[in-house]
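Peer 1: Sharing a model prediction with you, sequence too.
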Amino acid sequence: MKANLCKRIIPCLDVRDGRLTKGIKFENNIDIGDPVETAKKYYKQGADEIVFYDITASHEKRGIMLEVVENVAKNIFIPFCVGGGINSVEDMRAVLLAGAEKISVNSAAVKNPKLIEQGANAFGSQAIVVGMDIKQVEKTEKIPSGYEIVIHGGRTYCGIDAIAWAKQCEQSGAGELCVNSIDADGTKNGYEINLTKMICEAVQIPVIASGGAGKPEDLYEAVTKGKASAALVASIVHYGMYTIKDLKSALKRNNITVRD
């Protein structure tokens, strides 16, 4: 059984060419600022963790921008997770040495599932987060849940059922899953609650809801109906609609336990 711990709010910094960026449904990304200064701001506002994604590293077949990771790590003192372009245990080690506490693997883990086990054996399950980018599709014998794993920044459909993949990741040693609905991403229309709940009920490890937060009620839905352990936020805070403190206060008013 999952422990009834404090629910976490985790700002997500999508980074392209060293700059903070945001799109909708993984398309039409625009430059919205400096990732280091933004990470500092969210740390000061009370974020529980920060997630940093180098969103084109895998597609461009290059390593992650370690200098940006190092600069963020020097300025925040909360758990820091980094993903994008991590293809080996050596890549994981480089990111951890640059100052991250956790590594997020996504496309590389789908192509080489042993990478999850290798990372967990080398650094501990608590350091390995598997990011899952998911699209809703027609239910088939191959995709019985109607949710399919998509990699390379939403470009490549994998023919893998999201629920089956979540279970496999847990068995391989992942310490946490980040469930990102491509359909909801950047829309500010709310998380994909059905998907989040299905995955939370399929595994015992913590699940982070991602994609679609637009108002405090969306986070409440994610951690109650969706059963998520944490909620990832981006547009809702990047564009100044709410601060992390605003979101935590709203959850506390609804009797959700959060860290002060």
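Peer 2: Great, that's in hand. Numbers count the residues shown, from 1 in each chain.
Peer 1: is it true that Asn75 touches Tyr43?
Peer 2: Yes - counting by C-beta atoms under 8 Å, Tyr43 is a contact partner of Asn75 at 7.2 Å. C-beta: built from backbone N, CA, C; applies to glycine.
Peer 1: where do the helices sit along the stretch 151-260 of the chain?
Peer 2: Listed in chain order, the helices of the stretch 151-260 of the chain (DSSP state H, counting those that start in this stretch) span residues 162-172, 193-202, 216-223, 235-238, 244-253.
Peer 1: Could you single out the most deeply buried of these?
Peer 2: helix 216-223 (a mean of 22; mean count of other C-beta atoms under 10 Å).
Peer 1: hang on, the earlier thing: generate TSV for the helices of the stretch 151-260 of the chain, with mean pLDDT as supplementary columns.
Peer 2: Listed next are those as TSV, based on pLDDT from 0 to 100:
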stretch	mean pLDDT
helix 162-172	98
helix 193-202	98
helix 216-223	98
helix 235-238	90
helix 244-253	97
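Peer 1: Switch the ones you listed over to CSV; also include distance to Glu148.
Peer 2: Below are the helices of the stretch 151-260 of the chain laid out as CSV (distance: least, C-beta to C-beta, whole Å):
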stretch, distance to Glu148
helix 162-172, 7
helix 193-202, 11
helix 216-223, 21
helix 235-238, 24
helix 244-253, 30
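Peer 1: Specify which residue of Asn75 and Tyr43 has the higher count of neighbours.
Peer 2: Neighbour tally, Asn75 and Tyr43, criterion other C-beta atoms under 10 Å: the higher count belongs to Tyr43, 20 against 17.
Peer 1: My assumption is that that one lies in a strand; please confirm.
Peer 2: No - Tyr43: not assigned to a strand; according to DSSP: H, G, I helix; E, B strand; the rest coil it is helix.
Peer 1: Model confidence score at it, please.
Peer 2: pLDDT recorded at Tyr43 is 96.
Peer 1: May I have the residues that are in contact with the residue nearest to Val258 when sequence neighbours are not counted?
Peer 2: Residue nearest to Val258 in three dimensions, not counting chain neighbours: Lys248, with 4.7 Å by C-beta to C-beta, 6 or more residues apart in numbering. Lys248 makes contact with Ile9, Gly46, Val258, Arg259, Asp260, according to C-beta atoms under 8 Å, 6 or more residues apart in numbering.
Peer 1: cutoff 10 Å now
Peer 2: 6-9, 45-48, 216, 219, 242, 256, 258-260 (C-beta atoms under 10 Å, 6 or more residues apart in numbering).
Peer 1: just to revisit the earlier point, intersection of neighbour lists for Asn75 and Tyr43?
Peer 2: With C-beta under 10 Å, 6+ apart as the test, Asn75 and Tyr43 both reach Ile50.
Peer 1: how near is the residue nearest to Val258 to Ala98?
Peer 2: 28 Å (C-beta to C-beta, to the nearest Å).
Peer 1: Contacts only, for Asp161.
Peer 2: 134, 137, 139-149, 167-168.
Peer 1: repeat for Val68
Peer 2: 13, 15, 17-20, 34-36, 39, 52, 54, 82, 98.
Peer 1: correct me, but Leu232 touches Tyr191?
Peer 2: Yes - assessed by C-beta atoms under 10 Å, Leu232 is found in contact with Tyr191 at 9.0 Å.
Peer 1: what is in contact with these two at once?
Peer 2: Val179, Asn180, Ala209, Ser210, Gly211, Gly212, Ala213, Leu219, Ala222.
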